[in-house]
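Participant: Below are the sequence and a predicted model for it; my questions follow.
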Amino acid sequence: MTNPNFEFKPASDFIREDAPERYIYNMASDKHEIAISTHDLQVSYGDNLALSEGDLEFERYKITSLIGASGSGKSTFLRSLNRMNDDVATVNGQIMYRGVDINTKNIDVYEMRRHIGMVFQRPNPFAKSIYDNITFALTQRGNYTKEQLDEIVETSLKQAALWDQVKDELNKSALALSGGQAQRLVIARALALKPDILLLDEPSSALDPISSAQVEDTLIELKNQYTIIIVTHNMQQAARISDYTAFFHLGKVIEYDLTRKIFTRPKVALTNDYISGNFG
Ligand SMILES: Nc1ncnc2c1ncn2[C@@H]1O[C@H](COP(=O)(O)OP(=O)(O)OP(=O)(O)O)[C@@H](O)[C@H]1O
Ligand SMILES: [Mg+2]
């Protein structure tokens, strides 16, 4: 499915010779509420500087796509946002969330991840029932009545657009779900913790087109209540669902702007080369 509202134009149509090498949209904070932002974020795996110059602001209740070729640093950036890189990489710089730099030692990482949840590329349901997948993390760290848990299971599954399909078989193993259902279950599991921000790393790339479209619809529904940051290799998907897009190249954010600008009138020639399929 292609979106008729955008078309890729050759760079020569509009990119001037003095086009900038980098363009970062500057969010006016009096007009846009910023949910999370990074400042001078740098991530190294040993000697390999995988991300440099990570300065981005993410608007609340919007979807932002991170795009770019394989190895450009998208996952590295995303995983840093909820400290998934702690054990594997050195992460320098600030990650500001609700006035607090969460990239510091004195942060309770588990508590922070209740606010900033993550969904991975391959659906990873636990080998438990559908119901227990959703309640597992909650029961580990809190006291909930059966009624409260039932309510959370129903709400989360409804938000993830899975309730109607599984409501009569909540005790069935989650491993018996299809790929698309499993991914929506994992989204429901993340939502059960009532996060503020949802990070998704290629959540539909392992899915068939119909399941992928269902996940996209789910995300569009969710953005009324959540701030969503999603890595995708699918340009149509980025154009369809996201409000903002950041283009990564060799560990740098080359261009960050409103999605419709990135896909119709990028300011940087490299961005245009990427979105029109000239490399990557
Ligand atoms: N766990 C790791 N250990 C060492 N190096 C890593 C690790 N993860 C990523 N890298 C390196 O960091 C760089 C950026 O990788 P990253 O996974 O962030 O790219 P990506 O844009 O997400 O790519 P893809 O589209 O293939 O998922 C690459 O050079 C990669 O080899
Ligand atoms: Mg990746």
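Facilitator: Noted; the coordinates are in hand. Ligands and ions are numbered 1, 2, ... in the order given.

Participant: For this protein, just list every one of the strands.
Facilitator: 23-24, 34-45, 48-59, 63-68, 90-97, 100-101, 116-119, 197-201, 227-231, 244-249, 252-258 (DSSP state E).

Participant: what's the fourth one packed up against?
Facilitator: For strand 63-68, the elements it packs on are helix 74-81, strand 227-231, helix 235-241, strand 244-249, helix 269-275, judged by 3 or more CB pairs under 8 Å, 6 or more residues apart in numbering; DSSP states H and E. Where you see a C-beta, it was placed from the backbone N, CA and C, and this is true even at glycine.

Participant: Kindly state which of those is positioned closest to ligand 1.
Facilitator: Among the helices and strands packed on strand 63-68, the nearest to ligand 1 by CB to the nearest ligand atom is helix 74-81 (3.2 Å).

Participant: which residues are in contact with that closest one?
Facilitator: With CB atoms under 8 Å, 6 or more residues apart in numbering as the test, helix 74-81 has contacts from 36, 38, 41, 43, 50-51, 54, 66-68, 85, 89, 91, 95, 103, 116, 118, 197, 199, 201, 229, 231, 248, 251.

Participant: Residue ranges in the chain under the pLDDT threshold?
Facilitator: For the chain, the stretches flagged by pLDDT under 70 are 1-15, 279-280.

Participant: make it 90
Facilitator: 1-20, 26-30, 53-54, 120-123, 140-142, 160-161, 179-180, 204-212, 214-215, 276-280 (pLDDT under 90).

Participant: Tell me the residues of it that contact ligand 1?
Facilitator: Of all the residues in the chain, those in contact range of ligand 1 (CB under 6 Å from any ligand atom) are 45, 48, 50, 68, 70, 71, 72, 73, 74, 75, 76, 88.
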